[in-house]
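> Sequence below, structure please.
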Amino acid sequence: MHKLEELRSYLDQLLPGNGVLDYCPNGLQVEGKSNIASLATAVTANLATIEAAVKEGVDVLIVHHGLFWQRESYVIEGSKRKKIRLLLENEISLFAYHLPLDMHQQFGNNWRAAKDMDWLDLQPFAHKDGVSIGVKGRVAPCSREVFKKRLETYYQHAATCAWGGAESIQTVALISGGAYKNILDASREGIDAYITGSFDEPVWHQAIEEHVNFYALGHSATERVGPMALAKYLSQTLSLPCRFIDIENPF
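You can find the predicted model right below:
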């Protein structure tokens, strides 16, 4: 059994913001019961995830995408009201770590994936407020198609591609989620292939004009990596049951 305040301090130290100005509050977002016996992680605090946490009797839910974001309404109504009500009625604490869970070099969405895929010579890539968010590295030279299949196998998600660079890939960079605009960082650094989660209309032209091979593997799919790795880490280090709640999202 662990105390909520002890867990809060532990998580905040484990996943520091390092001075990055994020788009949301990181850390505890909804306070639940004082005594903690079980944990779960997930990508997003959507209704299906919270309902699953309630059904499984989870005391603490740790997500990448929380309930509160900049420029959103302060009014608690509709589905947000229902989600908060479920958390409060069942005394489930909600923690959210956005950029801290992207950039962590042990179990973050970017570095963990690069290590899992055996990329070499890993280095920080792209910065926000002077702090690196992504990762870059090298792979044994391979074709764009072979690299696409490797990514799809790892993420279990189809890749949307814009192949503007060389046919043979060796240097690679990754920022999970909605970081398609960082293709320009990849271009400036002469990266052969840039990987992220989502895409938008300008990326097609930028990939061709800036001579970069672009791969989008899904916002949710690329951000399952960190919560899954965190669940495994917490179950081992805290000796508490902690599982990943996997809710389908093709986007």
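> What is the burial count for Lys80?
Applying other Cβ atoms under 10 Å, we find 16 other residues in the vicinity of Lys80. Quick note: C-beta positions are derived from backbone N, CA and C, even for glycine.
> Could you do Ser34 as well?
Other residues close to Ser34 by other Cβ under 10 Å number 13.
> and what of Pro241?
Neighbour tally, Pro241, other Cβ under 10 Å: 15.
> roughly how far apart are it and Glu77?
Counting by Cβ to Cβ, to the nearest Å, the separation of Pro241 from Glu77 is 34 Å.
> go on, Gly108?
Note on Gly108: its distance to Glu77, by Cβ to Cβ, is 33 Å.
> Same question for Gln13.
35 Å.
> go on, Trp204?
38 Å.
> check contacts around the spatially closest residue to Pro227 that is not a sequence neighbour.
Once flanking residues are discounted, Pro227 sits nearest to Thr41: 4.0 Å by Cβ to Cβ, 6 or more residues apart in numbering. Neighbour list for Thr41: 61-63, 227-228, 230-231, 234, 242-245 [criterion: Cβ atoms under 8 Å, 6 or more residues apart in numbering].
> What is the neighbour count of Ile175?
Count around Ile175 with other Cβ under 10 Å applied: 29.
> now do the one 10 residues further on
When neighbours are counted by other Cβ under 10 Å, Asp185 registers 20.
> and if you look at the one 4 residues further on?
Glu189 is surrounded by 15 other residues when neighbours are defined as other Cβ under 10 Å.
> what's near enough to touch the residue nearest to His104 when sequence neighbours are not counted?
Counting by Cβ to Cβ, 6+ apart, His104 lies nearest to Leu15, which is 6.4 Å off, once chain neighbours are set aside. Neighbouring residues of Leu15 by Cβ under 8 Å, 6+ apart: 26, 97, 100-101, 104.
> and Leu15, how far is that from Ala229?
Per Cβ to Cβ, Leu15 is found 12 Å from Ala229.
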